[in-house]
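Novice: Would you be able to build a 3D model of this:
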Amino acid sequence: MKSTVYEKILGVLIELKQSRPKCSMGRHLATALEPNTWSMTDTEVLDALERYKARLSMDVFNSESDIDKIINDGLHLDSILHEDEEDED
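Specialist: Coordinates of the predicted model:
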């Protein structure tokens with residue numbers, strides 16, 4: 001029996017959970033489906049999830065602490081740049 005689009009969506013979500021167990025389903029869905037979630041057909045949702053999964057497979061996985069450090073460094077970019085200027089003097 002042929003899988004329905006809905007079942008394929010569930011399969012992609014299961015694969016995402018297996019490949020990225022620390023990421024929540026909400027995070028996967030929000031990232032894959034932004035910004036027009038409500039107007040998407042099931043086929044469009046499946047296509048978006050499959051594209052998202054393909055992008056993830058090419059990305060280098062960063063831990064949550066790595067991401068937090070990147071965000072924190074970005075918030076304090078002025079002080080980092082200032083330190084670099086002092087090092088040059």
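Novice: Leaving out the residues flanking it, which one is nearest to the residue nearest to the spatial centre of the chain?
Specialist: By Cα atoms, centre = their mean, the chain has its centre lying nearest to T31, at 5.3 Å. Setting aside the residues directly before and after it, T31 is nearest to Y52 in space (Cβ to Cβ, 6 or more residues apart in numbering), at 6.2 Å. C-beta coordinates here come from the backbone N, C-alpha and C atoms, glycine included.
Novice: mind checking the SS state of P35?
Specialist: Following DSSP: H, G, I helix; E, B strand; the rest coil, we place P35 in the coil state.
Novice: Contact partners for it?
Specialist: Residues near P35 by Cβ atoms under 8 Å, 6 or more residues apart in numbering: none.
Novice: Stretch 8-20: how far from the chain's middle?
Specialist: 13 Å (Cα atoms, centre = their mean, to the nearest Å).
Novice: and if you look at stretch 26-37?
Specialist: From the chain centre to the centre of stretch 26-37 is a distance of 9 Å (Cα atoms, centre = their mean).
Novice: Over to stretch 66-73?
Specialist: Offset of stretch 66-73 from its chain centre (Cα atoms, centre = their mean): 15 Å.
Novice: Output the lowest mean pLDDT helix or strand found in the protein.
Specialist: Ranked by mean pLDDT, DSSP states H and E, the weakest helix or strand in the chain is helix 77-88, scoring a mean of 68.
Novice: Sweet, I'm off.
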